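> Quick one, fold the following:
(one chain, ligands or ions: 1)
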Amino acid sequence: MSTYDEDSSVPDILKKIITHKTQEVYDQRQRVSQEDVMKAAISASPVRPFVAAMRDKLANNQSAVIAEVKKASPSKGVIREHFVPSEIAKSYEQGGAACLSVLTDENFFQGKTEYLIEARAACSIPVIRKDFIVDKYQIYEARAMGADCILLIVAVLSAESLTSFYDLAKSLGMDVLIEVHDADELAIALPIGAELIGINNRDLRNFDTSLNTTIDLLEMIPEDRIVVTESGIHTKEDIALMRKHNVNSFLVGEAFMRADEPGTQLRNLFF
Ligand SMILES: O=C(O)c1ccccc1NCC(=O)[C@H](O)[C@H](O)COP(=O)(O)O
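Sure thing, here's the model as predicted:
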């Protein structure tokens, strides 16, 4: 058993996901060498600037919404039966999304690499690869599939890995959303220097969401960072509460995915 398995501060669902992901990456490395993935990353389509798209919205006094393309999740099971990533991406862009988030994890979220490729091809806004990154290989893979940004989760990475993964993503031209759940994780995330700090409102021990998670951490975050509140945003009241605390960047999945027309729901809630 590794130190990580014994670490009781890491929720069981994350341990399960990371154990599975580590094996997946090992298997994938046998199929496609890192050298070939690096070559594909270097010849991928040009990066769409993710942070700049967020800043543009904020500069116009609008919410910067990262709209999630997500079929299912561990907490909610299947969220959307009629799941056509290209249609969803177009709808989100028309609804005013700054950026997209596309789940590529297959085992726990029913995502796919192809979903990111299809969604990105159907719109002109930047896309984050939403997955559980445990290995540099996945960062090259992200760029190779067209991702403009990656997610790094502090709860599952050492400070050393976070820094080197962040540097690698930036060297490939991508932006990075660093995700935290509490003050200890935030203290690790801030020195890395990422412009985007995601605060996940979902407690992964019981899947409850509380927007106080975001509110409680705000005073620790310098003003030059963009705080993205993630998970559990469902109503205009939720959005108003965040805005009252000067948080105007959001990552939203379920509230859009359950609507017939996700982009219309985005526009109705945010604009
Ligand atoms: O959502 C889950 O069940 C989950 C479980 C384990 C790790 C991560 C998980 N969620 C990922 C996310 O960050 C959400 O998809 C994202 O913040 C959007 O949340 P929501 O608007 O509540 O769908």
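> The ligand contacts on the stretch 1-150 of the chain?
I13, E68, K70, S73, P74, S75 (CB under 6 Å from any ligand atom). C-beta: built from backbone N, CA, C; applies to glycine.
> can you list contacts of the host helix or strand of the second one?
So that's E68. Element membership of E68 [criterion: DSSP states H and E] is strand 64-69. With contact meaning CB atoms under 8 Å, 6 or more residues apart in numbering, strand 64-69 is reached by 53-55, 57-58, 85, 88-89, 92, 95-103, 115, 119, 128, 130, 226, 228, 248-253, 256-257, 262-263, 266, 270.
> Likewise for stretch 76-85?
Counting by CB under 8 Å, 6+ apart, 69-73, 102, 110, 115-116, 118-119, 122, 253-254, 257-258 sit against stretch 76-85.
> Out of those, list just those in strands.
Among these, the members found in strands (DSSP state E) are V69, A72, S73, V102.
> Name the nearest residue to the second one, ignoring sequence neighbours.
Read it as A72. Nearest residue to A72, sequence neighbours excluded (CB to CB, 6 or more residues apart in numbering): Q110, at 4.2 Å.
> which ones are touching the one you found?
Per CB under 8 Å, 6+ apart, neighbours of Q110: K71, A72, V78, L103.
> Distance check, it against S75.
As judged by CB to CB, to the nearest Å, Q110 and S75 stand 13 Å apart.
> Which helix or strand contains M38?
Going by DSSP H and E, M38 is part of helix 34-42.
> mind saving the C-alpha coords of that helix as CSV?
Taking Å, rounded to 0.1, in the frame of the first residue of the first chain, the C-alpha atoms of helix 34-42 are listed here in CSV:
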residue,chain,number,x,y,z
GLN,A,34,5.2,9.1,-25.0
GLU,A,35,7.5,10.1,-27.9
ASP,A,36,4.6,9.8,-30.4
VAL,A,37,2.2,11.7,-28.1
MET,A,38,4.7,14.5,-27.8
LYS,A,39,5.0,14.7,-31.5
ALA,A,40,1.1,14.8,-31.8
ALA,A,41,1.1,17.5,-29.1
ILE,A,42,3.5,19.7,-31.0
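> Give me the residues contacting it.
With CB under 8 Å, 6+ apart as the criterion, helix 34-42 contacts K136, Y137, Y140, E141, R143, A144, L172.
> next one: stretch 183-193
Here stretch 183-193 has contacts from 154-155, 159, 162-163, 166, 178, 180, 197, 199, 216-217, 220-222, 225, using CB under 8 Å, 6+ apart.
> wait, does that stretch make contact with the ligand?
No: Stretch 183-193 lies out of reach of the ligand by CB under 6 Å from any ligand atom, never closer than 13.9 Å.
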